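**Q** What follows is a predicted protein model with its sequence.
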Amino acid sequence: MSPIAPAQRALAVLAYFTFVPAATLLLLRRFRGYGFLRFHAWQSVLIWAVFLIFTLIALLVSNVAAAMPLLLAGILASLAMLFLWIVLSIKAWQGERFELPWLGSLAGRLR
């Protein structure tokens, strides 16, 4: 396995910041041949999509159910997302293809 170029690792880290850089990296034709970068961009898009869906569901449920437990769960979920973001960014910078359960295998097939 050949080492990953620093520029490609930096772009993989950039893909984890938000949904926008990851989607941009996936859409740009220039980066279609970079499997490592596309894997991390797809994994980022999938993570942000899941987080957004759970957030929207929690907002809808909070109008009907008790808001306080959902607020606490939202704070914990946000802290978990921050921790996950840091770990995935570090792994991408180190040149590792760190796969999350379910999402990592799906990202690997989408690249």
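**A** That came in fine, so what should we check first?
**Q** Show the low-confidence segments of this structure, by residue range.
**A** 1, 111 (pLDDT under 70).
**Q** Look up how far Q43 lies from A49.
**A** From A49 across to Q43, the span is 11 Å (CB to CB, to the nearest Å). All C-beta atoms are positioned from the backbone trio N, CA, C, and that covers glycine.
**Q** And these two? Which one has more around it.
**A** More crowded of A49 and Q43, by other CB atoms under 10 Å: Q43, with 28 against 12.
**Q** now that one: how far from R32?
**A** Remark: distance between Q43 and R32 (CB to CB) = 17 Å.
**Q** do the same with S62
**A** From S62 to R32 the distance is 41 Å (CB to CB).
**Q** quick one: which of these two has more around it?
**A** Set side by side, S62 and R32 show more neighbours around S62, with 16 against 12, by other CB under 10 Å.
**Q** And that one, its phi and psi?
**A** phi -70, psi -20 (degrees, to the nearest 10).
**Q** Contact partners for A12?
**A** Going by CB atoms under 8 Å, 6 or more residues apart in numbering, A12 touches I4, F36, L37, H40, A41, A92, W93.
**Q** residues near the third one, how many?
**A** As a burial measure, L37 scores 26 neighbours (other CB under 10 Å).
**Q** residues touching it, list them.
**A** Q8, L11, A12, A15, L25, F31.
**Q** Can you tell me the centre-most residue of the protein?
**A** Note on the chain: the residue nearest the mean C-alpha position is S44, at 2.3 Å, using CA atoms, centre = their mean.
**Q** where's that one relative to L100, distance?
**A** Distance, S44 to L100, by CB to CB: 10 Å.
**Q** Q94 too?
**A** 16 Å.
**Q** hang on, the residue nearest to the centre of the chain packs against L14?
**A** No - the criterion here is CB atoms under 8 Å, and S44 misses it with L14 at 9.4 Å.
**Q** hang on, the earlier thing: residues contacting the residue nearest to the centre of the chain?
**A** A15, Y16, F19, A22, L88.
**Q** would TSV of those with neighbour count be doable?
**A** Below are the contacts of S44 laid out as TSV (neighbours: other CB atoms under 10 Å):
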residue	neighbour count
A15	29
Y16	24
F19	15
A22	26
L88	22
